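Q: Next come a sequence and a model predicted from it.
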Amino acid sequence: MPEAALPRGYILSFDYGLKRIGVAVGQAMTATATPLETVRHGPTEPDWSAIARLVREWRPALALVGLPLGADGEATDMSRAARRFGAALGERFDLPVEYIDERLTSQAATARFIEHRASGALRRKHADRIDAIAAQIMLENYLHARR
C-alpha cells in the first residue's frame, strides 16, 4: 500500500515524555526540520497553553507524535501514553495526528547535541533541548521515508 501524500504546510513533531515534550517543526516541501522548544509536562497533563501557542504560531497541517516502542516493536506503557497524548492533541486542536516509531532517536539526539556542543553552538545549560532535537530527528525520518 503506498504511503499517504505528505501534507502541504508545516508539521509539528512531538517527542512525548512524562516530564518534558520536545517539539520540532518541519515541512514536506523542503524535507527539513528544526527543533523549537521543550514543553513541560506537569504532574497530570502537558502544558496545553504552551502547545496551543505553538499550534497558533505554526498552524500545522499535521501533528507527528513519537511512539516509544519496546525493542521488539511492541507497545509499552509509554507508547500507550503517547497515543493518549496524540489523541488529545488531535481533538483539542482539530489536527490530524500520525505516529512514528521513535526507537533510537534519544541516542541520536544526544549524539547530535554533543556535536553541537563541541562546535560551540550549544552549551551544557541547553541540555533540555535534547527532547526538541529528538522531535527534529523523528520528523526528519518521517519526511525522508516518504520522499
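A: Thanks, I have it.
Q: Please make it C-alpha for all contacts and neighbour counts, starting now.
A: OK.
Q: pull the helix or strand with minimum mean pLDDT from the chain.
A: Across the helices and strands of the chain, mean pLDDT, DSSP states H and E gives its lowest value to helix 105-119, namely a mean of 55.
Q: Who are the packing partners of the very next helix or strand once past that helix?
A: Moving toward the C-terminus from helix 105-119, the next helix or strand (DSSP states H and E) is helix 130-145. With contacts defined as 3 or more C-alpha pairs under 8 Å, 6 or more residues apart in numbering; DSSP states H and E, helix 130-145 has these neighbours: strand 10-15, strand 20-27, strand 32-40, strand 62-67, helix 105-119.
Q: Partner strands of the second one, with direction?
A: So that's strand 20-27. strand 10-15 (antiparallel), strand 32-40 (antiparallel) (DSSP bridges).
Q: Now do it, average pLDDT.
A: Strand 20-27 carries an average pLDDT of 94.
Q: So what's the gap between it and the chain middle?
A: In terms of C-alpha atoms, centre = their mean, to the nearest Å, the centre of strand 20-27 is found 4 Å from the chain centre.
Q: Need the per-residue pLDDT for Ala135.
A: 91.
Q: quick one: it from Asp94, how far?
A: Taking C-alpha to C-alpha, to the nearest Å as the measure, Ala135 and Asp94 are separated by 21 Å.
Q: okay, these two: which has more neighbours?
A: For Ala135 versus Asp94, neighbours defined as other C-alpha atoms under 10 Å are more numerous around Ala135 (35 against 11).
Q: Would you mind pulling the contact partners of stretch 81-92?
A: 16-17, 63, 65-68, 95-97, 99 (C-alpha atoms under 8 Å, 6 or more residues apart in numbering).
Q: What's the ChimeraX syntax to select whichever of those are buried?
A: Typed into ChimeraX, the next command selects the buried ones out of these (criterion: 16 or more other C-alpha atoms under 10 Å):
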select :16,17,63,65,66,67,68,95,97,99
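Q: Could you work out the most separated pair of the contacts of stretch 81-92?
A: Pairwise distances across the contacts of stretch 81-92 peak at 21.2 Å for Pro68 and Leu95 (criterion: C-alpha to C-alpha).
Q: so where is this protein shaky, pLDDT-wise?
A: 1-6, 103-128 (pLDDT under 70).
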